[in-house]
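[1] Quick check, what structure comes out for this input:
(3 chains)
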Amino acid sequence: MSHILAKVREQSPLIHNITNQVVTNFTANGLYALGASPVMANAPEEVEEMASIANALVLNIGTLTKEQVHAMILAGKIANKRNIPVVLDPVGVGATTFRTEKAKEILQQVQITVIRGNASEIATLAGIDAEVKGVDTAGSYNMEELIRVAYQNLGVPIIITGQVDYITDGDYVTTVSNGHELLTKVTGAGCLLSSVVAAFLAVEEDVVQASSHALSYYGVVAQNASQHATMPGDFQIELLNQLYAITSEEVDAQSIIATTKLERGSI
Amino acid sequence: MSHILAKVREQSPLIHNITNQVVTNFTANGLYALGASPVMANAPEEVEEMASIANALVLNIGTLTKEQVHAMILAGKIANKRNIPVVLDPVGVGATTFRTEKAKEILQQVQITVIRGNASEIATLAGIDAEVKGVDTAGSYNMEELIRVAYQNLGVPIIITGQVDYITDGDYVTTVSNGHELLTKVTGAGCLLSSVVAAFLAVEEDVVQASSHALSYYGVVAQNASQHATMPGDFQIELLNQLYAITSEEVDAQSIIATTKLERGSI
Amino acid sequence: MSHILAKVREQSPLIHNITNQVVTNFTANGLYALGASPVMANAPEEVEEMASIANALVLNIGTLTKEQVHAMILAGKIANKRNIPVVLDPVGVGATTFRTEKAKEILQQVQITVIRGNASEIATLAGIDAEVKGVDTAGSYNMEELIRVAYQNLGVPIIITGQVDYITDGDYVTTVSNGHELLTKVTGAGCLLSSVVAAFLAVEEDVVQASSHALSYYGVVAQNASQHATMPGDFQIELLNQLYAITSEEVDAQSIIATTKLERGSI
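    Numbers count the residues shown, from 1 in each chain, chains lettered A, B, ... in the order given. Below you'll find the model as predicted:
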């Protein structure tokens, strides 16, 4: 499976990130460590031209402004014209009306290849929070139901990351059971993952294939990192090391991916 | 004393940071390591709503713009209405007229729970630079006099950090004698401390109690970090490790806190 | 030679960086580790006053906006009036028309002490891409010819960094053959170098002397770091350690600097 990882390292795709100011440095370093080429550009005067030379585009609303969302839409439309993948990371959707509205505006204006978020962000974005919320624990969800209904409502491939990651393109639901709890202690771990997904999509058209391999790569990287580092400072650095050092064979040997074909009409 | 630290870790308060672009990542990672929940949001369209769900607000003018200060005031007013703590970090006040004026504007418009700065920033803000400057060394101050006069002029609880940290709420002057010199080699060490103070204030109303415990926690963390790391790169990472790993017992055992009640009329 | 390094550490010059949002933290930490004093300020309302107290100014267009370039020009003009050095880092010039035009606008409006870029950036800026491109490899250049022609066209001292670094002021071409490949895996390694050059220029007027010593210092730091760290996460941190720890004697012992006087009319 890890031929996709090998392809990323060979081709070093240029990933144009319009992202939040908290994670720019970590995202760039993570993409370099993976073997991809990061570029950050936000100015409306140049995002279209930058998206014109990129191999994938990441739109992350973590510290969005009106101007930045405008730039995202400009870049997204060019990406669509050029048929390069666009990943949307709807950071914090639901926390404020502004975020929710702007994320929806991006979804209306730009054809998104895949949305990556946590359960609460995806639920909010799909407008299905109430229906899918678990009853036992606040914030717990029936993940399989959530991703199916979210796909139905949004009509776009979706990745929900958590203890187990879920991916769907409407035909299949794939789960990836790698990763490590310390990821929740590193700011931008999710944001970097969205950019890693974009890098895999830049070299592999099949969204579920590219996404599940990106997620298992990232999850195995985190697992390996946790063997060298048990505290968040060290773990953050070790993630960068392992993104760089891990071999396709190591990823293959440790990946836990399962796929279920959806029954006709189940979505 | 370290029950406040335990409370932060239990409750994981949401700290809304409107801060400078140099320290966003380090601040977020530091708050995660402590056990708090960071959020960064600057857009005027959403800061009020974000402040409405936060447990504390941090206003840091390190790379201020006109627009960002506008957002700070919007968020600050909501924080005041909701009675959640607001920490002001007047980074670089005195370096430019713009910084000084904007810091004063924030102080006029928003009720600040505590200001945290170094001696020169606090002196500038309080307009008392000349009166309190030491005579032996440029930049040296009689700290006790400085904080008393600054409180008199500003009417707001103040933290002055340095080799020894000073805190006053007008009734007491508390000193914390923890910390390590390598903190001056890590950009954002002071900014993160302001956010840590906000996290402690989110779970403990008494400003001097919360602040002195935040400062001694942070200082003991730095001391422990310096035992593992003697160079600035390593130290920066080890700070994050120790923010996470240190126990209440370790903090208690090493804290050096002293409090003097101010005599009537001394301020 | 390393008296310049010693002077930086003694005088701790204040370096005003108007730079991209990806590298602010790493640049500030790198300058602290070196022994200089970083400040970041972008607001048009304060950049002139900040440049008025700085010892050198760095203009880096990595995530430029119209507003930021306006601030760069304001700050640059004050720097020129005060006769303090100004380093231009034309990040990504050529990738978009906006970048190319704005970089040229800065060059027209501000007297730049030295431009630091990679071969492709310098070629683009000097409008000589076609003439100097090597024939064997896409993106390879005859570096000596490139820097000579670039100087001729731009009329400003130039540093081109790569496997070997080239510096010219029109009279001499100096090469520095230190450095390490892992630098290409750390985002902002070039940007930080531009700020390090600015710090050396702040204490030494001779552009070639200051620049070559800054480059050899940085290159030897990278070489030493590579002996402790072989992966990009560790290497990034070890760079900060070595920027701090390396002695003038170590730099002197390992520097590989060569200088050729240009023949009359060769430029």
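[2] I'd like to know which elements the helix or strand that contains residue A:193 is packed against.
    Following DSSP states H and E, one finds residue A:193 within helix A:189-203. Applying 3 or more Cβ pairs under 8 Å, 6 or more residues apart in numbering or on different chains; DSSP states H and E, one finds that helix A:189-203 contacts helix A:3-11, strand A:14-18, helix A:24-34, strand A:56-60, strand A:86-89, strand A:114-117, helix A:207-228. The way it works is simple: take the backbone N, C-alpha and C, and place the C-beta from them, glycine included.
[3] Ok, which of those comes nearest residue B:19?
    helix A:24-34 (14.6 Å; Cβ to Cβ).
[4] tilt between that closest one and strand A:56-60?
    If you take axes from the mean of the first three to the mean of the last three Cα atoms, to 10 degrees, helix A:24-34 sits at 150 degrees to strand A:56-60.
[5] Is helix A:24-34 positioned near chain B?
    Yes - using Cβ under 8 Å from any Cβ of the partner chain, helix A:24-34 reaches chain B at A:25, A:26.
[6] show me what contacts residue A:210?
    Residue A:210 makes contacts with A:4, A:197, A:200, A:201, A:203, A:204, as judged by Cβ atoms under 8 Å, 6 or more residues apart in numbering or on different chains.
[7] And these, which of them are buried?
    A:4, A:197, A:200, A:201, A:203, A:204 (16 or more other Cβ atoms under 10 Å in any protein chain shown).
[8] what's near enough to touch the second one?
    Under the criterion of Cβ under 8 Å, 6+ apart, the contact list for residue A:197 reads A:87, A:114, A:116, A:159, A:210, A:211, A:214, A:215.
[9] now with 7 Å?
    Residue A:197 makes contacts with A:87, A:114, A:116, A:159, A:211, A:214, as judged by Cβ atoms under 7 Å, 6 or more residues apart in numbering or on different chains.
[10] burial count for the second one?
    Read it as residue A:114. By other Cβ atoms under 10 Å in any protein chain shown, the residues close to residue A:114 number 25.
[11] That one contacts residue A:87, correct?
    Yes - the criterion here is Cβ atoms under 7 Å, and residue A:114 meets it with residue A:87 at 5.7 Å.
[12] Show me where chain A dips below the pLDDT cut-off.
    For chain A, applying pLDDT under 70 flags the ranges A:1-2, A:129-139, A:263-267.
[13] So which residues on chain A come close to chain B?
    Residues of chain A that fall close to chain B, judged by Cβ under 7 Å from any Cβ of the partner chain: A:21-23, A:25-26, A:63-66, A:95-99, A:185-187, A:231-234, A:236-237.
[14] if we look at chain C, which of those are close to it?
    A:21, A:25, A:237.
[15] Tell me who's in contact with the first one.
    Translated: residue A:21. Contacts of residue A:21 by Cβ under 7 Å, 6+ apart are A:63, B:21, B:24, C:21.
[16] Same list, the residues you listed, but as TSV with secondary structure and distance to residue B:151 please.
    Below are the contacts of residue A:21 laid out as TSV (DSSP: H, G, I helix; E, B strand; the rest coil; distance: Cβ to Cβ, whole Å):
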residue	secondary structure	distance to residue B:151
A:63	coil	34
B:21	coil	31
B:24	helix	30
C:21	coil	36
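[17] And residue A:173, its phi and psi?
    Main-chain torsions, residue A:173, degrees, to the nearest 10: phi -120, psi 120.
[18] how close does the nearest residue to it once chain neighbours are set aside sit to residue C:7?
    Distances taken as Cβ to Cβ, 6 or more residues apart in numbering or on different chains place residue A:260 nearest to residue A:173, at 5.2 Å, with adjacent residues excluded. Per Cβ to Cβ, to the nearest Å, residue A:260 is found 67 Å from residue C:7.
[19] neighbour count winner among those two?
    residue C:7 (19 against 12).
[20] surely that one meets residue C:203?
    Yes - between residue C:7 and residue C:203 a contact is recorded at 4.1 Å, counting by Cβ under 7 Å.
[21] Check chain A for the residue nearest chain C and tell me.
    residue A:240 (3.1 Å; Cβ to the nearest Cβ).
[22] Just confirm that residue is within a helix.
    Yes - per DSSP: H, G, I helix; E, B strand; the rest coil, residue A:240 lies within a helix segment.
[23] Next, count neighbours for it.
    Neighbours of residue A:240 using other Cβ under 10 Å come to 27.
[24] Quick check, it in contact with residue C:232.
    Yes - Residue A:240 lies in contact with residue C:232 (Cβ under 7 Å); the separation is 5.4 Å.
[25] shared neighbours, these two?
    With Cβ under 7 Å, 6+ apart as the test, residue A:240 and residue C:232 both reach A:29, A:33.
[26] picking up where we left off before, the residue nearest to residue A:173 is in what secondary structure piece?
    Residue A:260 belongs to strand A:257-261, assigned by DSSP H and E.
[27] could you give the angle of that strand to helix A:207-228?
    Using the same axes, to 10 degrees: strand A:257-261 against helix A:207-228 is 160 degrees.
[28] now strand A:257-261, how far from the chain's geometric center?
    In terms of Cα atoms, centre = their mean, to the nearest Å, the centre of strand A:257-261 is found 19 Å from the chain centre.
[29] Mind listing what's buried along it?
    So for strand A:257-261, counting by 16+ other Cβ under 10 Å, buried means residue A:257.
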